[in-house]
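next comes the sequence, and after it the predicted model I'd like to discuss.
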Amino acid sequence: MKILYATYRYDPTNPDLGSSVDYGCYKALIDAGNSVEIIGPVTHGVSIFEKFETYFWRIYKHLTGKSGLKYLMTTSLKASNAVAKAMKNGDFDAVFSLFHAFFVFRRLSEMSFWFFDTTFHGQEEDWPMYGKLALKLTYWQERKALQHIDACATNSEWSKKQLVDFYGLKGKQVTVFPMPSALPVEAVRTLDQEVLTKQLTHPIRILLVGRVFKRKGVDIALEVVRLLNAQGIPTLLKICGLPESERQAWDNVEFVGPFKKSDPDQLDAYIDLYQWAHLLIHPARFEAAGIVPAEAAAFGTPTITNNTGGLGTSVLDGVSGIVLPKGSPPEAYVQAIIDLVNDPERYQRLCQTTRERYEKELNWDVAGKRLVTILEEAVREHKNKHIKG
């Protein structure tokens, strides 16, 4: 296939940008032998109209205390026009993007495919950020984009439900595609048997990977470690990626990273964290589609999380970790860990099934092929409709 890959902000050839999702999708399309042409990023070369709109939303945020429009109307118009122009000048089978902006103002004759983690409606329900005007315009953009695309894939059953219930899509139009690990497959292809038969010996080693203190629930993880140690269960926590400004001195806590996956030495140091950990803790207050549970799964490291946003798909309860009820307090995480300590066979089985899930669907070798298959099917269906029409 000949595919136009539309990128909004990030260079999809760089694995260190945007959680590397753009990179994973782009590489999967290339590895499958497709001809892929990149258009964008469209946030470069800002026009006077975009500058004016940016200034407006800064004032809006100052006056309301709420976030403004994430995808400017002027930039979405530019993005839609850029795709339409590229399609007119090239013989493409499909346009693919992670961003709705490219589909807002144009319905293309070629197959249009949108791949994303969640809608803004889903995010706003679980983690309110935006003012009323910004939301109204954002919902309008999403509705128009969804009217103009032919197919889409999203990262969780929760997000699919939002698309069906709020936006009125038919279930068959939406494919659920769990977020794969961003780690290079070759870096985690084989594991020592010791990794898959590790035991919850003291001290218990817990890892948290996240850059946003409140939303990622870093405070919850800190309290979990404090409670475990207070109950006589020696526990260590490593927190990867938190900015220096968010770091404080805590007993039994070490701050590390962030790391660049494109740097071999930094990648090795990052991988060592997952191999070091008995458990990944991900007590996020909201997460559209967590990547780090899939990275942990590569090393047979189960995740303890809660059922907010798309985390119930990112982590399968009893398969690749433990999914507590949404908004669970630190005490619930503590009890879940104690239960695993008291049942070593269950923990070892969980390590093994966690790795098995990685091998089955949470790596880009497998997930990339599935993404290409989904795209090919969408292109065939689109062409058949036009032939019948």
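Cool, the structure landed. Owing to the predicted nature of the structure, the values given are computational and were not obtained by experimental measurement.

how about the helices of the stretch 251-389 of the chain, start to end?
264-276, 292-297, 311-314, 330-341, 344-361, 364-388 (DSSP state H, counting those that start in this stretch).

centre of the chain to the first one, how far?
Pointing back at helix 264-276 there. 20 Å (CA atoms, centre = their mean, to the nearest Å).

would you mind writing the CA trace of that helix as PDB?
What follows is helix 264-276, C-alpha atoms only, in PDB (Å, rounded to 0.1, in the frame of the first residue of the first chain):
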ATOM      1  CA  PRO A 264      21.900   2.200  24.100                       C
ATOM      2  CA  ASP A 265      23.400   2.900  27.500                       C
ATOM      3  CA  GLN A 266      20.300   4.800  28.700                       C
ATOM      4  CA  LEU A 267      18.000   2.000  27.200                       C
ATOM      5  CA  ASP A 268      20.000  -0.600  29.200                       C
ATOM      6  CA  ALA A 269      19.600   1.400  32.400                       C
ATOM      7  CA  TYR A 270      15.900   1.700  31.800                       C
ATOM      8  CA  ILE A 271      15.500  -2.000  31.100                       C
ATOM      9  CA  ASP A 272      17.400  -2.800  34.300                       C
ATOM     10  CA  LEU A 273      14.600  -1.000  36.300                       C
ATOM     11  CA  TYR A 274      12.000  -3.500  35.000                       C
ATOM     12  CA  GLN A 275      14.300  -6.400  35.700                       C
ATOM     13  CA  TRP A 276      15.000  -5.100  39.100                       C
END
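
residue 215 contacts residue 286, doesn't it?
Yes: at 5.8 Å, residue 215 counts as touching residue 286 under the criterion of CB atoms under 8 Å. C-betas here are computed from N, CA, C, even on glycine.

need the pLDDT of residue 195.
Here the pLDDT value assigned to residue 195 is 60.

excluding its backbone neighbours, what's nearest residue 58?
residue 68 (7.2 Å; CB to CB, 6 or more residues apart in numbering).

now the common contact residues for residue 215 and residue 286.
residue 127 (CB atoms under 8 Å, 6 or more residues apart in numbering).

with neighbour numbers in mind, choose between these two.
For residue 215 and residue 286, the more surrounded residue by other CB atoms under 10 Å is residue 286, and the numbers stand at 22 against 14.

tell me how far the spatially most central residue of the chain lies from residue 180.
Centroid-nearest residue in the chain, with CA atoms, centre = their mean: residue 289, separated by 4.1 Å. Distance check for residue 289 against residue 180: by CB to CB, to the nearest Å, it reads 10 Å.

where does this protein dip in pLDDT?
Along the chain, segments meeting pLDDT under 70 span 171, 189-197, 386-389.

repeat that with 50
Nowhere does the chain drop to pLDDT under 50.

got the domain boundaries for it?
Following automatic domain parsing, one finds the domains of the chain at 2-180+364-388, 185-361.

start to end distance for the shortest one?
This means domain 185-361. 12 Å (CA to CA, to the nearest Å).
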